[in-house]
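Undergrad: Based on what follows, work out the 3D shape:
(chains A and B)
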Amino acid sequence: SQQGEEDPQALSIQEGENATMNCSYKTSINNLQWYRQNSGRGLVHLILIRSNEREKHSGRLRVTLDTSKKSSSLLITASRAADTASYFCATDKDDYKLSFGAGTTVTVRA
Amino acid sequence: KAGVTQTPRYLIKTRGQQVTLSCSPISGHRSVSWYQQTPGQGLQFLFEYFSETQRNKGNFPGRFSGRQFSNSRSEMNVSTLELGDSALYLCASRPSRSTDTQYFGPGTRLTVL
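TA: Just a heads-up that it's a prediction; the model follows:
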């Protein structure tokens, strides 16, 4: 069973716009991670935020974590065509395995 | 360093057959995990190996098994294949069990006819 749920399921934006996607989870976590997947290929690790952190930045990515609401958001700023992909949140409950959400499919239109 | 490699990349089998998938982790990585990705169930954890021992197992039937060798390479085996086993099988490695970030391979696309 999946730990997290993401919304929206799909997102279509214009190049240069920002993309925001959200992830909710059910149980306490050690950390939350975001991954990108292009066309059914392998997952690429984007960013990790620990349970005692509230916000983290990496390049054009900004992640927030609200443990009281058990939710996280990923913001991609100034989107590019190359950002077209599926994005997954994954929670780590300190049990050495990741529980993934269903993913958000992002399409960036030129 | 070379990334995680998985072989074969694509595989077609028929129901009832068995299959073995291989994963070579990043050099120096000793923990290897396997995940199954399907359109219906999404990404699900199969099992994790560290120091040639299975440390963790997901909720999959006994038809799914795996092993890890002394060089940290791992294989997973699925016996008596069913149509529902058609999926992308992803392998991930990390230096140790205490490392949070996992590095994924490109996956093996298994189709069961």
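Undergrad: Helix or strand: which one has residue A:90?
TA: Using DSSP states H and E, residue A:90 sits in strand A:85-92.
Undergrad: Give me the contacts around stretch B:93-101.
TA: Residues from elsewhere that reach stretch B:93-101, judged by CB atoms under 8 Å, 6 or more residues apart in numbering or on different chains: A:30-31, A:33, A:45, A:48, A:92, A:96, B:4, B:23, B:25-26, B:28-33, B:48, B:50, B:55, B:72, B:102-103, B:105. Any C-beta I mention is one placed from the backbone N, CA and C, and that applies to glycine too.
Undergrad: ok, now with 6 Å
TA: Outside stretch B:93-101, the residues that touch it by CB atoms under 6 Å, 6 or more residues apart in numbering or on different chains are A:31, A:45, A:48, A:96, B:4, B:25-26, B:29, B:31-32, B:50, B:102-103.
Undergrad: for these, which one is nearest residue A:78?
TA: residue A:45 (21.0 Å; CB to CB).
Undergrad: who does the strand holding residue A:90 pair up with?
TA: Strand A:85-92 sits in its sheet next to strand A:31-37 (antiparallel), strand A:98-100 (antiparallel), strand A:104-109 (antiparallel), going by DSSP bridges.
Undergrad: In terms of secondary structure, what does the lowest-mean-pLDDT helix or strand in chain A contact?
TA: Lowest by mean pLDDT, DSSP states H and E among the helices and strands of chain A is strand A:4-7, with a mean of 82. Packed against strand A:4-7, as judged by 3 or more CB pairs under 6 Å, 6 or more residues apart in numbering or on different chains; DSSP states H and E, are the following elements: strand A:19-25.
Undergrad: at 7 Å what do you get?
TA: strand A:19-25, strand A:85-92 (3 or more CB pairs under 7 Å, 6 or more residues apart in numbering or on different chains; DSSP states H and E).
Undergrad: What mean pLDDT does the strand holding residue A:90 get?
TA: What strand A:85-92 shows for mean pLDDT is 95.
Undergrad: could the strands paired with strand A:85-92 be laid out in JSON lines, adding mean neighbour count?
TA: Below are those laid out as JSON lines (neighbours: other CB atoms under 10 Å in any protein chain shown):
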{"stretch": "strand A:31-37", "mean neighbour count": "23"}
{"stretch": "strand A:98-100", "mean neighbour count": "23"}
{"stretch": "strand A:104-109", "mean neighbour count": "18"}
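Undergrad: Confirm residue B:55 sits in a strand?
TA: Yes: using DSSP: H, G, I helix; E, B strand; the rest coil, the assignment for residue B:55 is a strand.
Undergrad: and it, how many neighbours?
TA: 15 (other CB atoms under 10 Å in any protein chain shown).
Undergrad: Select, out of the strands paired with strand A:85-92, the one closest to residue A:19.
TA: When the strands paired with strand A:85-92 are compared (using CB to CB), the closest one is strand A:104-109, at 5.4 Å.
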